[in-house]
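Give me a 3D structure for the following:
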Amino acid sequence: MRRFLSHRRLFYTQTMAFHTKILPVDPSHFQFEINRADPFPEQNAKPIVTDPTDRAAIQQAAQLLTEEECVGIPTETVYGLAANALSEKAVSKIFAAKNRPQDNPLIVHVSSLQMLERLLPNQTIPPVYEHVIRQHWPGPLTIIVPTSSLIPSSVTCGQPTVGIRFPSHPVARALIDQCGFPLAAPSANSSGKPSTTLASHVFDDLNGRIPLILDGGQCNVGVESTVLDGLRQPPAILRPGGVTYEALERLPGMENLQVYRKHFVDLELEQAPTTPGMKYRHYSPEATVILLENATDPSVFEQQWKKELSKQKVRRVGLLVTTAPQGKATYEGVECIPVFMGRSDYPEEVARGVFKGLRDLDTQNVDLIFVQGIPETKEGMAVMNRLRKAASSVIEL
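The predicted model follows:
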C-alpha cells in the first residue's frame, strides 16, 4: 500500500489484488431475539441466523474483517465497504480500495446501543438523541457524537466527533454482532461514482480490490443515511437521507431542526467536515449529467432537454425520468435512452432507483444524461442533494 498527495488531497493506493468472491445471503433467514425487559428492546435485540449456509457466509465475512480486510456488505441504504472501525490498518484499506480522499470522514456502524456506549468517552449517549433513537434506530440515520481514543483519527479525520449509525438491514446487524466490534462502512463504490445498491455494482467497482462481497439483494432505501448533528444548537441535518426532515422535526428536541444548505451554510464545516458527503463532488457516472430542476411536468422536461441537446455534440443520450418511458427513440439523429427511476409523487421510489438508473445508463455508454428533478419533500430532499452533487450542470426552470 502506498500513500501519495494529489492536489493537496491525501490518498492511499491499493497494491494487493484479490480474487473477489460474491456470497449470497438471504435476509429472511435472519431473526432477532428481543428482551422485553430491556429499556431499548428493539435496539438491543440479539440476531439469530436460521440458515447454516448464511451463517457460514457471515462467519467467513467476520473472519476476514477480524483479519483487518475489507468486505462489501448490504445495508438498507446502499452497499457498504466495511472494515474494523477500531483498527487504523483496516480503515486505511477502505481508503485504498475506494481511492477515497483521506480528509473525508467515515461513519461507524454498530449493532446495539451497548456497543455504541462502549465507544463514547463517558459511556453515555447524549440525551438529545433519546427520542430519535427510539423512533428511527435501527435505520437509515447517522448521529454525531463525541469521539473517543478507541476510534482512530483516520476515521474522524481529526475531528472531535464521529458519525454513528445502527443499520436495520439484518445481514449488516448480524455481521457486526458476529464481529463483536463496530464497522466503518462508507458506500462500496469507487470514490466519486454513484453509490452501489446491488452487489453487482460493488463487483463492477471493486473487483480485485476486496476479497468478499455479501449479496443481500437490492437495497431498500437506495440513498445514504441522514446525518443528524444534535450537538449543534439548533440541531441540524448535515446530509439528508433515508430518514426525512419531516419525520425528525416533530420529535422532542428537534423542533428548530435545520438543514445544511437549506437553512444555513458553514464554510469551515465544509473544509473540515464531520461527516461524508459535504466536501467533494460525489455520485457521478462516467457520462456528463445535466439536472433539470422544477421539471416534474413531462412536457416541460421534454421541451427543455431537447433545447439543451441542441447545444451538445453527442451521439447517445440518457434520460433519467419519473414517468413511464416509451422505449428508445431518436431525436435529430441522437439516440435517446430513457430509464425510469420512480414516480415523482412517491419520492421513496425515486430514492430507490436514482443510483441504479445512473449506473444503468452508464452501462449503455451514453455520452450525456438529462435527469428530471423532483420536489424536495420527504425523500426528495435526499434525492435532489445527490443529483446536484452528481450533476455537471443544474438548470432551474
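
buried set for the host helix or strand of Phe203?
Assessed by DSSP states H and E, Phe203 sits inside helix 199-206. The neighbour-count check on helix 199-206 (16 or more other Cβ atoms under 10 Å) flags 199, 201-206 as buried. The way it works is simple: take the backbone N, C-alpha and C, and place the C-beta from them, glycine included.

Repeat that for stretch 313-329.
Buried-residue list, stretch 313-329, by 16+ other Cβ under 10 Å: 316-322.

ok, of the residues you listed, which one's closest to Arg36?
Closest approach between the buried residues of stretch 313-329 and Arg36, by Cβ to Cβ: Thr322, at 43.3 Å.

about what we covered before: so what's the gap between the helix holding Phe203 and the chain middle?
Relative to the mean C-alpha coordinate of its chain, helix 199-206 is positioned 15 Å out (Cα atoms, centre = their mean, to the nearest Å).

Show me what the helix or strand that that helix is followed by is in contact with.
Next along the chain after helix 199-206, taking DSSP H and E as the criterion, comes strand 212-215. The contact list for strand 212-215, computed with Cβ atoms under 8 Å, 6 or more residues apart in numbering, reads 20-25, 57-58, 60-61, 64, 69, 71-74, 79, 171, 175, 188, 199, 202-203, 206.

strands paired with the next helix or strand after strand 212-215, and their directions?
As assigned by DSSP H and E, the chain's next helix or strand after strand 212-215 is strand 226-229. Partners of strand 226-229 in the sheet, by DSSP bridges, are strand 141-146 (parallel), strand 236-239 (antiparallel).

re earlier: which ones among the buried residues of stretch 313-329 map onto strands?
The members of the buried residues of stretch 313-329 that map onto strands under DSSP state E are 316-321.

residue boundaries of the strands in the stretch 201-350 of the chain?
212-215, 226-229, 236-239, 258-259, 288-293, 316-321, 329-331, 334-340 (DSSP state E, counting those that start in this stretch).

so how far is the third one off the chain centroid?
When distances are taken as Cα atoms, centre = their mean, strand 236-239 is centred 14 Å away from the chain's centroid.

Using CSV, write out every CA atom in it.
Written as CSV, here are the backbone C-alpha positions of strand 236-239 (Å, rounded to 0.1, in the frame of the first residue of the first chain):
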residue,chain,number,x,y,z
ALA,A,236,-29.1,20.2,12.1
ILE,A,237,-29.3,17.7,9.3
LEU,A,238,-25.9,17.8,7.7
ARG,A,239,-26.8,15.3,5.0
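
got the contact list for that strand?
Here strand 236-239 makes contact (Cβ under 8 Å, 6+ apart) with 142, 144, 224-229, 245, 248, 257-260, 263-264, 269, 273-278, 385.

If you average pLDDT per helix and strand, which one of this protein comes out bottom?
strand 2-6 (a mean of 40; mean pLDDT, DSSP states H and E).

what's the pLDDT at the closest residue to Leu106 other than its chain neighbours?
Nearest non-adjacent residue to Leu106, counting by Cβ to Cβ, 6 or more residues apart in numbering: Ala184, 4.3 Å away. pLDDT for Ala184: 98.

does Ala184 really touch Pro105, like I thought?
No. Counting by Cβ atoms under 8 Å, Pro105 is not a contact partner of Ala184; they are 9.4 Å apart.

any common contacting residues for these two?
By Cβ under 8 Å, 6+ apart, the residues touching both Ala184 and Pro105 are Val155.

where's Arg250 relative to Gly230, distance?
From Arg250 over to Gly230 the distance is 15 Å, taken as Cβ to Cβ, to the nearest Å.

higher neighbour count, the two?
Gly230 (21 against 12; other Cβ atoms under 10 Å).

give the contact list for the residue lying closest to Val132 once chain neighbours are set aside.
In space, and not counting its chain neighbours, Val132 is closest to Leu251: 5.9 Å by Cβ to Cβ, 6+ apart. Neighbouring residues of Leu251 by Cβ under 8 Å, 6+ apart: 131-132, 135.

TSV please, covering these and showing neighbour count.
Shown next, in TSV, are the contacts of Leu251 (neighbours: other Cβ atoms under 10 Å):
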residue	neighbour count
His131	15
Val132	22
Gln135	14
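
Tell me where the stretch 1-150 of the chain has helices.
Listed in chain order, the helices of the stretch 1-150 of the chain (DSSP state H, counting those that start in this stretch) span 52-66, 88-98, 113-119, 130-136.

Give me whichever of the ones you listed is most buried.
helix 88-98 (a mean of 22; mean count of other Cβ atoms under 10 Å).

what angle separates it from helix 199-206?
Angle, helix 88-98 to helix 199-206, by axes from the mean of the first three to the mean of the last three Cα atoms, to 10 degrees: 90 degrees.

average pLDDT for helix 88-98?
97.

what does stretch 208-223 give?
The pLDDT scores in stretch 208-223 average 98.

picking up where we left off before, tell me the most buried of the strands of the stretch 201-350 of the chain?
The most buried one of those (mean count of other Cβ under 10 Å) is strand 226-229, showing a mean of 26.

will you turn the strands paired with strand 226-229 into a markdown table that also has mean pLDDT and distance to Glu335?
Shown next, in a markdown table, are these (pLDDT from 0 to 100; distance: least, Cβ to Cβ, whole Å):
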| stretch | mean pLDDT | distance to Glu335 |
| --- | --- | --- |
| strand 141-146 | 98 | 41 |
| strand 236-239 | 97 | 36 |
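
In JSON lines, list those strands along with distance to Gln218.
Shown next, in JSON lines, are the strands paired with strand 226-229 (distance: least, Cβ to Cβ, whole Å):
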{"stretch": "strand 141-146", "distance to Gln218": "20"}
{"stretch": "strand 236-239", "distance to Gln218": "22"}
